[in-house]
Each structure stands twice: as C-alpha cells, then as structure tokens.
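Engineer: Test case, fold it:
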Amino acid sequence: MATSARVQNSKVPHSERPVVHDAGSSPLPASRLFRVDGLVAVVTGGGTGIGAMITAALAENGARRIYIVGRRMDKLNEVASKYPSIVVPIRADVTSKDELATAADVARREIGYIHLLVANAGVSGPMLDELKPRYTLHDFVEHAWASPIEEFTDTYHVNCSSVYYTILAFLELLDEGNKHRPESGCKSQVIATASTASFLRHPRTGYAYLSSKAGLISMLKTLSTFCVPWGIRFNSIAAGLFPSDMAERLYSKYIIDRTKDVTEEGAFSRSYQPAERTGTIDDMAGLVLYMTSRAGAFLNGSVMLSDGGKLGTMPSSY
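Structural biologist: This is a model prediction of the structure:
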C-alpha cells in the first residue's frame with residue numbers, strides 16, 4: 001500500500017501536494033503569526049471600553065508606540081500609566097479638525113509614521129429603549145419627535161463625520177508606515193469600531209445609531225477600494241455587547257443573575273444573548289491581534305463580527 005501511495009502521489013503536481021511539517025519544527029508558531037512587534041498605532045477613544053481593550057492588547061504583544069486620543073485626560077492617563085514606555089495620551093476632540101491635526105502632528109514629530117489607526121470613538125444618540133414593550137405607532141412618533149434634530153445629526157457627526165476626518169488627519173502617516181513595515185506583508189491599516197447595530201432591523205438602539213454605524217461600514221469599504229493605489233487597508237469590527245458605559249444602558253435590564261459579573265456565563269439568558277455573557281477583553285484582544293498581525297494581513301474591506309451570537313436572536317441582515 002505504501003508503494004501504491006507513493007506512485008499515486010507522484011502524479012500530483014508538486015505545487016498541489018500538501019506540505020507536511022515536523023510538529024517540532026513548525027514554521028507557523030502563534031508567537032510569530034499573532035504578535036505586533038514594532039507596530040506604531042493610534043487609537044481614538046483609547047481611554048475606556050473597547051478602545052482601552054485594544055490598547056492593552058497591542059501594548060502587551062509587542063507594539064512600539066500607541067497614541068491614545070480622547071477628551072478625558074484622566075481616563076487616558078489611567079491607561080497610559082500601565083504601559084508608560086509605550087502608550088502616549090493625547091487630549092483631543094475627534095469632532096475638531098484642528099485638534100485632530102494637532103494629534104497627528106505629535107506622531108509625525110516623534111516617529112514620522114504609523115501602521116495602524118483604530119477609529120473607535122462613538123456615541124449612541126437618541127434611543128428608543130424607553131418605549132413600552134407594546135407601543136403604538138403614536139407612541140413611537142411622539143417619542144421620536146421629542147428628540148431634537150440636532151441630537152440625531154450629532155450622532156452622525158461623531159460616528160461618521162469624525163471618523164472620516166480622523167482618517168484624513170492620519171492618512172499620510174499611514175502611507176509613510178508602509179515604507180517602515182515591522183512585518184513583511186503587513187500593509188498599513190485603518191480599523192473602525194462599528195457595531196452589530198449596523199445589521200439590525202430592530203429599532204431599540206435608535207435609528208440614528210443604527211444608520212450611522214451602517215454608514216460607517218459602507219464608508220470603510222469604499223475607502224478600502226479607493227486606497228488600493230497606496231496600499232492602505234480598511235477593515236471594521238462589528239462589536240456586540242462589550243462592557244462600557246454606553247452598552248450598559250442596553251443590557252442592564254436583561255441581566256438574570258446579578259451575583260455574576262456581566263462577563264461571566266449565566267449573567268444573561270441564552271434567548272437574549274446566546275453566549276450568556278458580554279464580550280471580554282480576551283475576546284476583543286484575540287480579534288484585534290488577528291487583524292493587526294501577520295495572521296490578518298490578507299484582510300481588506302472586511303467586517304469582523306464579534307457578538308456571541310446576538311444577531312441570530314433578532315431580525316438582522318449580516
């Protein structure tokens with residue numbers, strides 16, 4: 001049988017034969033595929049929630065420098081104090097072009113390039129979670145009409161417009177980053193934190209939030225095509241429930257076991273959240289390290305869903 005197998009295999013073109021490696025000398029160690037050694041990154045909203053999780057993941061896995069941008073200097077300093085030789089806090093409002101330009105100048109003066117921009121800042125906008133379970137059309141109109149138009153458009157201002165101008169502020173630095181790659185094959189990249197709400201047909205999170213996050217994903221996909229000539233990639237994270245001040249408003253009333261932390265299994269019913277918990281820093285770190293390391297270097301124009309199965313419990317279009 002061995003001779004027959006060898007004869008049969010000899011008919012297969014060499015390029016199509018499976019490559020078998022000695023387990024003791026694997027060329028695919030996780031330590032190489034998923035590390036981000038030498039990476040220079042900018043994370044907006046890096047002082048809290050998902051932004052702080054992303055910052056920690058990068059800092060603890062080889063990043064050279066991470067600039068975290070936000071309005072609350074106390075929160076930024078709290079994160080930076082854990083990684084004083086890596087993380088640099090920059091106070092800036094991402095809705096201000098002048099402050100974005102100033103933040104970009106810090107990275108330009110210190111290093112001259114970046115490899116990664118994480119556009120993570122966002123707001124929830126007017127929500128519909130206060131409507132009673134069996135609301136009438138009149139109830140909906142009355143509740144929605146009570147929100148000022150400015151409250152609706154401000155959601156777009158932060159979730160879409162500010163991301164666009166954040167990208168513009170750092171785009172040339174990302175271009176320079178391609179000339180100083182820490183890992184062969186890893187081109188510069190923008191990652192935007194979108195949301196599972198981008199795909200929902202359920203209005204509870206509010207139409208401003210749903211539509212602005214859907215618009216964000218569309219914008220990133222378009223930019224991924226536009227920036228092909230410069231080799232700059234654009235990907236999005238459609239995040240489900242992760243602990244944050246904004247998310248707590250959504251999930252707090254659905255907790256079924258208040259003796260548990262929301263990140264522990266059993267905190268929620270499976271009908272509400274199939275994973276029975278929110279996402280954890282491990283969940284976000286694993287995803288981000290995949291996307292930003294050699295392991296995810298082939299991603300461009302992608303949307304990475306991390307929601308513990310939540311979209312499967314309600315009408316959605318992912």
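
Engineer: ranges for the strands of the protein?
Structural biologist: Counting by DSSP state E, the chain has strands at residues 40-44, 65-70, 87-91, 116-119, 189-193, 233-239, 303-306.

Engineer: The third one vs strand 40-44, what angle?
Structural biologist: Going by axes from the mean of the first three to the mean of the last three C-alpha atoms, to 10 degrees, strand 87-91 is angled at 40 degrees with respect to strand 40-44.

Engineer: quick one: average pLDDT of strand 87-91?
Structural biologist: Strand 87-91 shows a mean pLDDT of 98.

Engineer: same deal with the first one?
Structural biologist: Rounded to a whole number, the mean pLDDT of strand 40-44 is 99.

Engineer: Likewise for stretch 27-35?
Structural biologist: Regarding stretch 27-35, the rounded mean pLDDT is 89.

Engineer: From residue 54, how far out is residue 227?
Structural biologist: For residue 227, the distance to residue 54 (C-beta to C-beta, to the nearest Å) stands at 21 Å. Glycine gets a C-beta too; all of them are placed from N, C-alpha and C.

Engineer: Which one's more surrounded, those two?
Structural biologist: Taking neighbours as other C-beta atoms under 10 Å, residue 227 and residue 54 compare with residue 54 leading, 30 against 20.

Engineer: Near the closest residue to that one other than its chain neighbours, how many residues? Count them for me, please.
Structural biologist: Nearest non-adjacent residue to residue 54, counting by C-beta to C-beta, 6 or more residues apart in numbering: residue 288, 5.1 Å away. Other residues near residue 288 number 27, with proximity taken as other C-beta under 10 Å.

Engineer: wait, what's in contact with residue 271?
Structural biologist: Residues near residue 271 by C-beta atoms under 8 Å, 6 or more residues apart in numbering: residue 313.

Engineer: quick revisit: let me know whether the residue nearest to residue 54 touches residue 57 as I believe.
Structural biologist: Yes - using C-beta atoms under 8 Å, residue 288 and residue 57 qualify as a contacting pair, with a distance of 5.0 Å.

Engineer: Could you find the closest non-adjacent residue to residue 310?
Structural biologist: In this structure, residue 310 finds its nearest non-sequential neighbour in residue 240, 4.6 Å apart by C-beta to C-beta, 6+ apart.

Engineer: Please report phi then psi for the one you found.
Structural biologist: phi -90, psi -140 (degrees, to the nearest 10).

Engineer: what sits against it?
Structural biologist: With C-beta under 8 Å, 6+ apart, residue 240 has these contacts: 195-196, 278-279, 305-308, 310-311.

Engineer: Repeat the analysis, applying 6 Å as the threshold.
Structural biologist: 196, 307-308, 310 (C-beta atoms under 6 Å, 6 or more residues apart in numbering).

Engineer: I'm done for today, thanks for sticking with me.
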